[in-house]
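K.L.:
Please find the sequence and the predicted model below.
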Amino acid sequence: MARAPIGPLDYTRRTWMRLTLLATFVFLYAPIATLIAFSFNDSRRNIVWRGFTLKYYEQALDNEDLIEAFVNSLTIAFASTLIATVLGTLVAVLLWRFRFPGKVGYEGAMALPIVIPEICMGVAMMAFFARIGWPSDMVWPFSLSAITIAHVSFSFPFVAVVVRARLEGFNRELAEAAQDLGATEWQVFRDVLIPFMGPGLVAGALLAFTLSLDDFVITFFTSGPNTVTFPVKVYSMVRFSVTPEVNAASTVLIVLTVALTVTALWLQHRTRIKTAETAG
Amino acid sequence: MDPWWRHPLVFWVLGLPPTAWLLGFFLIPLGIVWLFSFAELRGVIGMEVTGTLANYARALDPLYLEIFGKSFLFAGMTTVVSLVAGFPVAMAIVFASPRWRPVLLLLVILPFWTNLLIRTYALIAVLRIRGFVNFSLEWLWERGDWGLALIGLPGVLGDRFEPLELLYNNTAVVIGLVYVHLPFMVLPLYAALERLDRSLIEAALDLGASQWTAFRTVIVPLAFPGIVSGAILVFIPALGSFLTPDLLGGTDSQMIANVIERQFKGANDWPFGAALSFLLMYLTFGALALRAVLSRGRSAMDAG
């Protein structure tokens, strides 16, 4: 079958355009792909392929500091996601449902944690916890409270944005129909609005989880010697040298976050299709 | 009976927890740093808020002005390179077949979701002296040298392969910043180009414009809001980057964030660090205000 000739607007079918696209994807993916590939390479020199091995994964698993940092990261991510999802949802419903004086300013203040440079927020958190004398010798997991609080502060406005975007698509007739059929206000909230928000809540929570798991800068300023998270640990390892062990640990984190992200995107995509179907 | 959402109690139940959190664990910490920026050091660790402007004045010292200038330069170069590289990518995605569009978009977004530290580390592994780029170049060099020797030109490429110094300099910082921020440029450009009415390009071409003229006079002006958004979205985080110059830069590639970090962690001069971090924040707000002005001016022109 002969292909149609390239039309004037078929930019993507032009060779130079495809080459640009290819070059960009190589630029974006080659470093990550190399990192993953060489975590399985049986050579410390790390450049020439010497055969498949899982020994660096075993070494990473045997590294108690690394495992402790990983457990810390997951604990902080779970706790901060839980709090951030609740707070973010409250903000989303508040801004969606109510009009009040100073709302524009309120929305601006809520967007601040998204907008300001990470370093500014990091030093602010560091100064704050030092100033109020936040105890730094608590037992685990309470020793992670300072980092968790900082993570909630920068992630709940993101959750609010995601959940609010979902709420904007809410069809008020659904609530009215439920009321006409005799549902109380509370029942409408519980049985109509909450299920409708569901996918937005999940997407927001996954976003908060990834943000927490990924954060380095803000955590760097709020962590102490006994509260090292995974990125902070990797940072101290990277400063010394490039080792296959770090590659292995990084690969685990990449796979974890990519899986979470794809799940979140897929959920949003699916609900968008469903919404379009019910609307149409 | 009032609907539940009109009830004042509901308003307070919804509003109080997040507002209290924002106030207590975000605005007050920022306020503390703001106060610190007007403080003077007393002894080794003491500080007293005296309302002095000395910390801000010190930021005008040529040493720090140079660092501010360098940060602007790095962030500006990152923005320009991202724009030049991102525009064709965004166009290619917009004009791709509907089946490929979401896949290409996902491919652009996905690296953005992997850990910043790990991506920077991956770049180190690729760019270092014994890294992948130099390894590939050496391989090419050996083949080239062998080929040249065959045709009777031995040693034209030098006696031996000299690996490139790709890391720990200013170029590495800009490469790293582009690597990290490219998706921020592509997404708004994509959003702007997707809305673009294609019949306008067709009309320009039908009326005899060359592809280049159509690009310059139709596509770019219509994509202008996307260009502004993308530029700001790249410029702001690039200006405040800490990790990229820290890990990829040399001794002379320090940016504002690195200086701030040093004041808080090593030098223990919190007042000066606080002043610098507020200056950085004001610059950020300035960039955001610029975007608002530019997009408003644009829509006023469209209306008029």
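P.N.:
Sure, I can see it. Numbering: from 1, shown residues only, chains lettered A, B, ... in the order given.
K.L.:
right, is the helix or strand where A:Leu94 lies up against chain B?
P.N.:
Taking DSSP states H and E as the definition, A:Leu94 sits inside helix A:64-97. Yes - using Cβ under 8 Å from any Cβ of the partner chain, helix A:64-97 reaches chain B at A:Val86, A:Leu87, A:Gly88, A:Leu90, A:Val91, A:Val93, A:Leu94, A:Arg97. C-beta: built from backbone N, CA, C; applies to glycine.
K.L.:
give me the number of residues near A:Arg50?
P.N.:
By other Cβ atoms under 10 Å in any protein chain shown, 12 other residues sit near A:Arg50.
K.L.:
How about residue 205, nearest residue that isn't a chain neighbour?
P.N.:
You didn't say which chain, so I picked chain A. Distances taken as Cβ to Cβ, 6 or more residues apart in numbering or on different chains place A:Thr85 nearest to A:Ala205, at 4.5 Å, with adjacent residues excluded.
K.L.:
ah, I was thinking of chain B
P.N.:
B:Leu205 sits nearest to A:Pro8 (Cβ to Cβ, 6+ apart), 5.3 Å away.
K.L.:
check contacts around that neighbour.
P.N.:
B:Ile201, B:Glu202, B:Leu205, B:Gln211 (Cβ atoms under 8 Å, 6 or more residues apart in numbering or on different chains).
K.L.:
could you point out which element follows the helix or strand hosting the first one?
P.N.:
Yep, that's B:Ile201 we're talking about. Assessed by DSSP H and E, B:Ile201 sits inside helix B:198-206. Toward the C-terminus, helix B:198-206 is succeeded by helix B:211-214 as the next helix or strand (DSSP H and E).
K.L.:
which ones are touching the closest residue to B:Asn169 other than its chain neighbours?
P.N.:
Nearest residue to B:Asn169, sequence neighbours excluded (Cβ to Cβ, 6+ apart): B:Gly250, at 5.0 Å. Contacts for B:Gly250 (Cβ under 8 Å, 6+ apart) come out as B:Tyr168, B:Asn169, B:Asn170, B:Ala172.
K.L.:
Secondary structure of B:Gly250: a helix, I assume?
P.N.:
No - per DSSP: H, G, I helix; E, B strand; the rest coil, B:Gly250 lies outside any helix segment and is coil.
K.L.:
Now it. Its backbone dihedrals?
P.N.:
Here is the backbone geometry of B:Gly250 (degrees, to the nearest 10): phi -90, psi -170.
K.L.:
how many other residues sit next to the one residue in the stretch 51-200 of chain A that gets nearest to chain B?
P.N.:
Proximity to chain B, evaluated over the stretch 51-200 of chain A using Cβ to the nearest Cβ, is greatest for A:Pro117 at 2.9 Å. Using other Cβ under 10 Å, A:Pro117 has 23 other residues around it.
K.L.:
wait, what's in contact with it?
P.N.:
Contacts of A:Pro117 by Cβ under 8 Å, 6+ apart are B:Ile236, B:Pro237, B:Leu239, B:Gly240, B:Ala257, B:Ser277, B:Leu280, B:Met281, B:Thr284.
K.L.:
Give me the phi and psi for the fourth one.
P.N.:
Backbone geometry at B:Gly240, expressed as degrees, to the nearest 10, gives phi -100, psi 10.
K.L.:
ok, so what distance separates it from A:Val262?
P.N.:
Going from B:Gly240 to A:Val262 by Cβ to Cβ, to the nearest Å gives 29 Å.
K.L.:
Those two - which one has more neighbours?
P.N.:
Neighbours were counted for B:Gly240 and for A:Val262 using other Cβ under 10 Å; B:Gly240 has more, 25 against 14.
K.L.:
pLDDT wise, what is the residue nearest to the more buried one when sequence neighbours are not counted at?
P.N.:
Computed as Cβ to Cβ, 6+ apart, the closest residue to B:Gly240 that is not its neighbour in sequence is A:Pro117, at 2.9 Å. Among the per-residue scores, A:Pro117 shows a pLDDT of 92.
K.L.:
Please tell me how far A:Pro117 sits from B:Phe215.
P.N.:
34 Å.
K.L.:
Next: A:Cys120.
P.N.:
Separation of A:Cys120 from B:Phe215 (Cβ to Cβ): 39 Å.
K.L.:
Of the two, give the one with the bigger neighbour count.
P.N.:
Neighbours were counted for A:Cys120 and for B:Phe215 using other Cβ under 10 Å; A:Cys120 has more, 25 against 17.
K.L.:
Now the element after the helix or strand hosting that one, going C-ward?
P.N.:
In this structure, A:Cys120 sits in helix A:118-131 according to DSSP H and E. Per DSSP H and E, the first helix or strand lying C-terminal to helix A:118-131 is helix A:145-167.
K.L.:
what helices or strands is that following helix leaning on?
P.N.:
Under the contact criterion of 3 or more Cβ pairs under 8 Å, 6 or more residues apart in numbering or on different chains; DSSP states H and E, helix A:145-167 touches helix A:64-97, helix A:103-115, helix A:118-131, helix A:194-214, helix A:217-222, helix B:8-22.
K.L.:
Can you name the element that comes right after it?
P.N.:
Note on helix A:145-167: by DSSP H and E, the next helix or strand toward the C-terminus is helix A:172-180.
K.L.:
Distance check, A:Trp266 against B:Leu106.
P.N.:
In this view, A:Trp266 and B:Leu106 are 10 Å apart by Cβ to Cβ.
K.L.:
Need the residue closest to the centroid of the chain.
P.N.:
No chain specified, so I'll use chain A. The residue lying closest to the centre of chain A (Cα atoms, centre = their mean) is A:Thr210, at 2.4 Å.
K.L.:
try again with chain B
P.N.:
Short answer for chain B (Cα atoms, centre = their mean): B:Ala238, at 3.0 Å.
K.L.:
what sits against it?
P.N.:
B:Ala238 touches B:Phe74, B:Ala75, B:Thr78, B:Thr79, B:Leu177, B:His181, counting by Cβ under 8 Å, 6+ apart.
K.L.:
quick one: pLDDT of it?
P.N.:
93.
K.L.:
that's a helix at A:Ala183, yeah?
P.N.:
No - using three-state DSSP, the assignment for A:Ala183 is coil, not a helix.
K.L.:
how about the residue in the stretch 101-250 of chain B that chain A sits nearest to, what does it touch?
P.N.:
Per Cβ to the nearest Cβ, the residue of the stretch 101-250 of chain B with the smallest distance to chain A is B:Gly240, at 2.9 Å. By Cβ under 8 Å, 6+ apart, the contact list for B:Gly240 reads A:Pro117, A:Glu118, A:Ile119, A:Cys120, B:Ile256, B:Ala257, B:Leu280, B:Thr284.
K.L.:
what ranges of chain A fall below the confidence cut-off?
P.N.:
For chain A, the stretches with pLDDT under 70 are A:1-3, A:44-48, A:242, A:271-280.
K.L.:
max-length helix in it?
P.N.:
Using DSSP state H, we find that the single longest helix of chain A is helix A:244-279.
K.L.:
which parts of that helix are buried?
P.N.:
Residues A:244-251, A:253-254, A:256-258, A:260-261, A:264-265, A:267-268, A:271, A:275 are the ones in helix A:244-279 that count as buried (16 or more other Cβ atoms under 10 Å in any protein chain shown).
K.L.:
Is that helix in proximity to chain B?
P.N.:
Yes - counting by Cβ under 8 Å from any Cβ, chain B has neighbours in helix A:244-279: A:Val246, A:Asn247, A:Ser250, A:Leu253, A:Ile254, A:Thr257, A:Val258, A:Thr261, A:Leu265.
K.L.:
Please render those as TSV that adds distance to A:Ala4 to the earlier fields.
P.N.:
Formatted as TSV, those follow (distance: Cβ to Cβ, whole Å):
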residue	distance to A:Ala4
A:Val246	49
A:Asn247	45
A:Ser250	45
A:Leu253	45
A:Ile254	40
A:Thr257	41
A:Val258	36
A:Thr261	36
A:Leu265	32
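K.L.:
ok, how many other residues are close to B:Leu117?
P.N.:
By other Cβ under 10 Å, the residues close to B:Leu117 number 23.
K.L.:
got a list of what it touches?
P.N.:
By Cβ under 8 Å, 6+ apart, B:Leu117 lies in contact with A:Phe216, A:Pro231, A:Val234, A:Tyr235, A:Val238, B:Leu243.
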